[in-house]
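>>> next one to model:
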Amino acid sequence: MKLSIDKGRMMDALNHASSFLGELRTSNLAPKEYYQLYITVTDQLRHLVVYLTEEFDRGKKMADLYEVVQHAGNIIPRLYLLITVGYVYMKTTPICRKEILKDLVEMCSGVQHPLRGLFLRNYLLQMCREVLPATNDNPSEGVLQDSLDFILINFAEMNKLWVRIQHQGHSREKDRKEKDRQDLRLLVGTNLVRLSQLEGVDVDCYKDTVLPSVLEQIVSSRDAIAQEYLMECLIQVFPDEFHLATLKPFFNSCALLMERVNVKNIVTALIEKLSASKLDEPKPSELYDEFTKQIDHIIETREDIPAEGVIAMKGALIKFALKRMPDEEDAIDKALNSGLELLKDKEASQALHKELVSILMLQIGNTRRDMLIKFMSDSNIKED
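Predicted structure coming up:
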């Protein structure tokens, strides 16, 4: 390919690129090995991008080339070349962005093999990153909604492919497939990162467009691995003020997650993140009340939450109260007493003992500490 580029033979260069892109058709590699192959192959495409950009400067029409590469023999090389040429086309001719973005994200549906499809869509997301319209300043070059549609569709399709890995092959390979999926989770999460990086995504856009679409995809996936990772990813990649404005829909979705999802990790992660923020609005006491209301709703809705999960969420409330409203003693008592009351019908375990000890280690005062120790003793909650 490089030799053909040096000689100015464009069609030969594209044919050679198609040949080595054919290596990505393999089904014989584990995800980590396929990733190494993917990196090697896509690194070579950078030379093609530079060459095509130079050809545009010399007068070559990218629209014609975009049509030509659609005749590549196999779908994997065809789509990688289409994305590569499409990127140069959008970069050099911004007026075509809306049409090409929609075209590419739809065409990638032609690859339904989970691993190959995930990496193809990752390349699509990677290449289109700098040509996504981030605002509505230049409507002729596309608007923010075009980028939102593009990323949300890509996210939904990548999540479906990622989930399908779990259901392929023999059931005895469950542990290996779960490990493979954990290795691939960042590919799916990158879509959420891209959404958070769009300049035009403000609190209202997040509340009205981004979050409802993402939560719908997470809940409807009915897959514990996807649900837990993506909920935690949402917490990490978007700003605190976005979460403050969307507590109710976020917590409502927590109540709908699969039984295997460790909901307490998601809830405590959000509370800890917000407790560390400046919290200009609302007041800490108002936020504490909202947290309490939502946690109680989750506990009431999800009977499957184990004792340690219940006390961990109440412990997160206590930590929040100690940090953000230390003078309001009633808030600490409310969280502690309600947590202990809920434990009466829960089964004791080593995990529960660990969570209770973590509360003992907080600055809750000697009286509360003595009460907690007595409760543990009376309930025979001890380390195994």
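>>> when you work out contacts or count neighbours from here on, use the C-alpha atoms and nothing else.
OK.
>>> can you map out the strands along this protein?
Per DSSP state E, the chain carries no strands over any range.
>>> low-scoring stretches of it, by residue?
Within the chain, the ranges that satisfy pLDDT under 70 run 169, 171, 279-281, 382-384.
>>> state which helix of it is the longest.
Using DSSP state H, we find that the single longest helix of the chain is helix 31-57.
>>> okay, buried residues for that helix please.
By neighbour count on 16 or more other C-alpha atoms under 10 Å, the buried set for helix 31-57 is 31, 34-35, 37-38, 41-42, 45, 48, 51-53.
>>> go through the residues you listed and name the one nearest Gly365.
Pro31 (50.9 Å; C-alpha to C-alpha).
>>> re earlier: what helices or strands is the longest helix of the chain leaning on?
Applying 3 or more C-alpha pairs under 8 Å, 6 or more residues apart in numbering; DSSP states H and E, one finds that helix 31-57 makes contact with helix 2-6, helix 10-21, helix 75-92, helix 114-128, helix 174-197.
>>> just those helices: most buried one?
Neighbour counts (mean count of other C-alpha atoms under 10 Å) averaged over each of these peak at helix 75-92, with a mean of 23.
>>> that one: how far from the chain's middle?
25 Å (C-alpha atoms, centre = their mean, to the nearest Å).
>>> tell me where the stretch 151-300 of the chain has helices.
All helices of the stretch 151-300 of the chain, identified by DSSP state H, counting those that start in this stretch, fall at 174-197, 203-205, 211-221, 224-237, 240-244, 247-254, 263-275, 284-301.
>>> so which residue is smack in the middle of the protein?
Gly189 (3.2 Å; C-alpha atoms, centre = their mean).
>>> is it correct that that residue is in contact with Glu232?
No. Taking contacts as C-alpha atoms under 8 Å, Gly189 lies outside contact range of Glu232: 9.9 Å.
>>> re the thing from before, reformat the helices and strands packed on helix 31-57 as TSV; add distance to Asp345.
Output for those, formatted as TSV (distance: least, C-alpha to C-alpha, whole Å):
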stretch	distance to Asp345
helix 2-6	70
helix 10-21	59
helix 75-92	56
helix 114-128	43
helix 174-197	33
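>>> looking at those helices, which is nearest to Leu152?
Per C-alpha to C-alpha, nearest to Leu152 of the helices and strands packed on helix 31-57: helix 174-197, 7.6 Å.
>>> which residues sit against that closest one?
30-32, 118-119, 122, 125, 129, 148, 151-152, 154-155, 158-159, 162, 165-166, 201, 210, 229-230, 233-234, 237-238 (C-alpha atoms under 8 Å, 6 or more residues apart in numbering).
>>> one more: stretch 143-159?
If you take C-alpha under 8 Å, 6+ apart as the criterion, stretch 143-159 is touched by 98, 101-102, 105, 109, 117-118, 121, 125, 132-137, 188, 191-192, 194-195, 200, 210, 213-214, 217, 221, 226.
>>> 7 Å - rerun?
Here stretch 143-159 makes contact (C-alpha atoms under 7 Å, 6 or more residues apart in numbering) with 98, 101-102, 105, 118, 121, 132-136, 188, 191, 200, 217.
>>> starting at the chain centroid, how far to that stretch?
13 Å.
>>> stretch 133-152 now?
Centre to centre, stretch against its chain (C-alpha atoms, centre = their mean), the figure for stretch 133-152 is 21 Å.
>>> how long is it end to end?
Distance between the two ends of stretch 133-152: 14 Å, counting by C-alpha to C-alpha, to the nearest Å.
>>> again, but for stretch 299-313
9 Å.
>>> Met376: neighbour count?
Each residue near Met376 was counted by other C-alpha atoms under 10 Å, and the total is 17.
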